[in-house]
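Trainee: can you look at this prediction? I've put the sequence above it.
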Amino acid sequence: MKPRHKRIAMIAGGLAALGVAAAFVLAAFRENLVFFFTPSQVAANEVPRGQAFRVGGLVLPGSVKRQPDGVTVEFVVTDTAKNVTVVYRGLLPDLFREGKGVVTQGKIGADGVFQASEVLAKHDENYMPPAAADAIKQAQSTNEKATHTLIEGSAGRK
Amino acid sequence: MIPEIGQIALALALCLALSQAVLGLAGAARGDSAWMGAVRPAAQGQFVFVAIAFGCLTYAFVANDFTVTYVASNSNSALPLAYRVAGVWGGHEGSILLWILMLAVWTVGVTLFSRHLPDEMLSRVLGVMGLVSVGFLLFVLFTSNPFARVFPSPADGRDLNPLLQDPGMVLHPPMLYMGYVGFSVAFSFAVAALLSGRLDAAWARWSRPWTTTAWAFLTVGIALGSGWAYYELGWGGWWFWDPVENASFMPWLVGTGLIHSLAVTEKRGCFRSWTVLLAIVAFALSLLGTFLVRSGVLTSVHAFATDPARGVFILALLVVVIGGSLLLYVWRAPRIGLGGSFDIVSRESLLLVNNVMFAAAAGSVLLGTLYPLALDASGLGKISVGPPYFETVFVPLMAPALFLMGVAPFARWKKASLPELASRLRWALGAGLVAALALPFALGRWSPLVALGLLLATWIAASSVLQLYEKTRNAASGASAWARLRNTPRAHYGMLLAHFGVAVFVTGVTLVKGYESEKDVRMEPGDTTEIGGYTFRFDGARDVRGPNYVAARGTIKVTKNGQSVTTLYPEKRIYTVQNMPMTEAAIDPGFTRDLYVSLGESVSNSAWVVRVQHKPFIDWIWGGCLLMALGGALAASDRRYRFALKKERAEAYASAPAA
C-alpha cells in the first residue's frame, strides 16, 4: 500500500468508527430521555405507561403521610388544577416541605399512583424547580379558578 | 474607601490588559521590539492591580463591610473567618473576579517561565491572554461589579450558602478555576502559532508543560468537587452527571485528549491541526462551563431572560473567542501541512484512537448537557437526561480507551509489531484475566461489569509496572538498573504515575458501583440495623448549637462481630440566618470502605429515619484522581522543559520552515 492509500484507509476507518460511536450515543440518548409532565397531563392520561417520567408541582399542604414502616412516604403533587398521589420510599430532601415546589421521577402504576424513585427539591428555601413553576403556570392559564395565593406564597418571593 | 480602591484597581488593570493585548499583537505583527518589550511589564502590572482588587474584596469580607452589596448577600458576622475568606468566591461577582485573578496568575507565570521563547512568540501569547482578560474585566466592571455599595446598608449579611460552608468548598473553586483558566495558556499558544504560521515541534514543546499543569489542577478541582458532593450533600453520591459537573468534565476530557496529542506533535510532528483544534476547543469548553454555571441558564433558561445583561455578555464573549479562533483556524489550518507518516499499528495510531474516544466522550456529555437546555429554551418541552444515559455511553466508550492505554506506551512510534506487543504484554493480560475471574468471588459475587472493570484496572496497573521493569533490564546499554531508572526522564514517570492513578480510579468506581449497599430505616433509640457486616446502633439524638446553626445530633455506635469500630455523629442542621436545613452526614473513612450515616427526619419524639451506607473502596476514586494530578505535575516539571537552552530553542525555531 502506498502511504497515500494508507492515509486514506486510516481516515476512512476513523470516520467509520466515529459514525458508529455517534449512532450508539444517539441511540443511548433516545432511550434514556426522561420527559416532564404536569399533574394535569397525568390526569388526562397523556403519560407513557411502564416508562419513567417526571412529575412536578407543589406538595399539597396536609397531604404528606408516613406509612407504618416509617420510611415510606405518601404525598400529593398538585398543579392547582389536578392532583397526583406519589409514593416514595426513602429519605426526602432537606427542602421537601408542604406547599413547596417538588419534582419527582418514577413510573405510574395501574392504580394511578406514581411510584417515585427520586424526589428532587433544590437547595434554596425560596427556590421553585422551574419545571414545577411551569406546570402551575400552565394549569392556571387553563383553569381560571386556580388560587393565586398558593403560588405567590412560594414562588412569588424573590 | 477600600472597595473604591478595589474598583479603581480593576479599571487600571483593564487599561493595562488592553495595552498588553494591543502592544503584544501589533508589536509582533510589526516586528517592533520596543512594543514587544513593553508587553511583559504590562502583563505583570495587570497582575498587581488585579491582586489589589482581589485583596480589597477579601478585606471587605474579613472586616464585615456590609455596605458592599456582594458582601452583604454572601457573608454574615457570625460566619467563621475561613468561610468569610471563602465567601469571596461564594457568589457570581467574586467568582468572576477569582477567574480574572487566576488568568493574571497564569499570565505572570508565562512572563516568568518563558524567557527562552522568541520575543515574537511570547508577545503574541501574552497579547492573546490580554484580550481574554480584557473581555472578563469588561464583564466584571459593567455587569457584575463586586464593589457596588448598598444604601441603606443592612445591619448584618444574608450569610454564605450553608452548602458552601465547608473546607472542600474553600479549595474547590480556586483549583477548578486554575484548571479552566490554565487552558487559556494552551489556547493562547495555539492562536499565537496560527497567527505566526509556525506550528512545529518547538511550539508543542513550549505548550506541553502549561497544558499538563492546567490539566492537573483541573483534575484536582473536579475531584474536590466530587468529594464535596459526597460528604456535604448528605446522600453519599460522588458524581451526579449534573450540568454543573458536566461543565467541568468536558474541558477535562478534551484536555486529556490534548495532552496526548501534544505528545505526538512534539515527538513526531503529526496531528498538528488536530492539536491546535483541541487546544481551542478545550478553552472554549472552559468558557462554556463558566457561562453555563454563571449565567443562570442551568437553574432555569428563563433566568437568562430575566437578567439578560450578564448572560448575553458571556454569550457574546463566547462567540467572539470561539468564533474568532475557529475562523483563524479555518483560514490558517490548510497551511499547517501534514506530519510524518505512520503505520496502522503504531503509537501514533493508538494515541489517535485515544483522542477520538475522548472527543466522542466529550461530545456525548455536551449533547446530554445542552440538548435539554436547547429544547427548553425553544419551548419544545422539558426533558432531563440522567445518569443512565451517561453510564450507558461511558462504559463502551471508555473501555477500549482504557484497554489501549495499557498497549500504547509499549508500541513504537511509526510502526509497531502486533506479535511483539502481544509477547511483551502477555503477563499484564494474564494478571488482568486472573483478577477479573477471581477477585469478584473474593469480594462477594461475580458480575460482568465488575469483572470488566477489574480486568481493565489490573491490566493498566500491570502494564505500568511492566514498563518500569523493562526499563531496568534494557539489555542494550551496560548501565546498572538503578542508573537506568535515574536516567529515565521525569515526564515518563509522570505518565506511569498518572496511568497508575487511572487504574486506582477505575478500581474504586468498579467496586463502589458493584458492591455498595444502603438502607433507609426508622430507628428508635436502641434499635440496630446491619449492613456490609457492620452493626449500627442508634443511641438517640440531642440538640447542639453551632456558631451560626442549631442542630440535632444523633449518636450511632458501630460494631463488627461484637467489636466496637467507631461512633458516628450525624447532624441535621438548621442554619439560622437563611433558615435553611442541611443534612450533615457522618463518615468513617477507611482504605477499603467508608461507613456513611445521615439523619433523615424525626418521625416521632425520639425516632428518626436514618440512612446507613457501606461504600467499599470509595476513597480510591479520589486517590486515583490525586495520583493522576501528581503524575501531571511530575511530567510538567521535567527538566527538559525547565532548563531548555535558550540558544538551541531559538535556533530550532528560526530554522523551522514557516509553513
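Mentor: Perfect, thanks for sending it. Numbers count the residues shown, from 1 in each chain, chains lettered A, B, ... in the order given.

Trainee: quick check: which ranges of chain A have low pLDDT?
Mentor: Within chain A, the ranges that satisfy pLDDT under 70 run A:1-3, A:122-133, A:136, A:139-158.

Trainee: quick check: domain ranges of it?
Mentor: A:1-33, A:36-156 (automatic domain parsing).

Trainee: could you say which of the ones you listed is packed most deeply?
Mentor: Most buried of these by mean neighbour count (mean count of other Cβ atoms under 10 Å in any protein chain shown) is domain A:36-156; its value is a mean of 18. (Glycine included, C-beta is placed from N, CA and C.)

Trainee: show me the helices in chain A, by range?
Mentor: According to DSSP state H, chain A carries its helices in the segments A:3-31, A:39-43, A:130-142, A:148-151.

Trainee: residue contacts, residue B:132?
Mentor: By Cβ atoms under 8 Å, 6 or more residues apart in numbering or on different chains, the residues touching residue B:132 are B:103, B:184, B:187, B:188, B:321.

Trainee: circling back to that earlier point, and the domains of chain A: which comes nearest chain B?
Mentor: Across the domains of chain A, chain B has its closest neighbour in domain A:36-156 (2.7 Å, Cβ to the nearest Cβ).

Trainee: now do the closest one: distance to the chain's middle.
Mentor: Remark: domain A:36-156 is offset 9 Å from the chain centroid, using Cα atoms, centre = their mean, to the nearest Å.

Trainee: and the spatially most central residue of chain A, what does it touch?
Mentor: By Cα atoms, centre = their mean, chain A has its centre lying nearest to residue A:54, at 2.5 Å. Residues in contact with residue A:54 (Cβ under 8 Å, 6+ apart) are A:34, A:35, A:36, A:37, A:103, A:104, A:105, A:131, B:382, B:384.

Trainee: turn the helices of chain A into JSON lines, columns for distance to chain B.
Mentor: Below are these laid out as JSON lines (distance: least, Cβ to the nearest Cβ, whole Å):
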{"stretch": "helix A:3-31", "distance to chain B": "4"}
{"stretch": "helix A:39-43", "distance to chain B": "11"}
{"stretch": "helix A:130-142", "distance to chain B": "4"}
{"stretch": "helix A:148-151", "distance to chain B": "15"}
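
Trainee: distance to residue B:150 for those helices - can I get that in CSV?
Mentor: Listed next are the helices of chain A as CSV, based on distance: least, Cβ to Cβ, whole Å:
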stretch, distance to residue B:150
helix A:3-31, 46
helix A:39-43, 41
helix A:130-142, 28
helix A:148-151, 29
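
Trainee: list the residues that contact residue 71.
Mentor: Unless you meant another one, I'm taking chain A. Contacts of residue A:71 (Cβ under 8 Å, 6+ apart): A:89, A:90, B:520, B:521, B:522, B:609.

Trainee: that was the other one, I meant chain B.
Mentor: The contact partners of residue B:71, by Cβ under 8 Å, 6+ apart, come to B:60, B:61, B:64, B:65, B:87, B:157.

Trainee: element containing it, please.
Mentor: Assigned by DSSP states H and E, residue B:71 belongs to helix B:69-74.

Trainee: gap between that helix and the chain center?
Mentor: For helix B:69-74, the distance to the chain centre is 28 Å (Cα atoms, centre = their mean).

Trainee: check stretch B:184-198 too.
Mentor: 22 Å.

Trainee: skip the chain neighbours and tell me the closest residue to residue B:625.
Mentor: Excluding the flanking residues, the one nearest residue B:625 by Cβ to Cβ, 6 or more residues apart in numbering or on different chains is residue B:223, at 3.6 Å.

Trainee: tell me how far the one you found lies from chain A.
Mentor: Per Cβ to the nearest Cβ, to the nearest Å, residue B:223 is found 22 Å from chain A.

Trainee: spit out the contact partners of residue 84.
Mentor: The chain I'm using is chain A. Counting by Cβ under 8 Å, 6+ apart, residue A:84 has contacts A:39, A:42, A:43, A:55, A:57, A:76, A:77, A:78, A:112, A:114.

Trainee: let's do chain B instead
Mentor: For residue B:84, the contact set (Cβ under 8 Å, 6+ apart) comprises B:61, B:62, B:64, B:75, B:160.

Trainee: with that, I have no additional questions.
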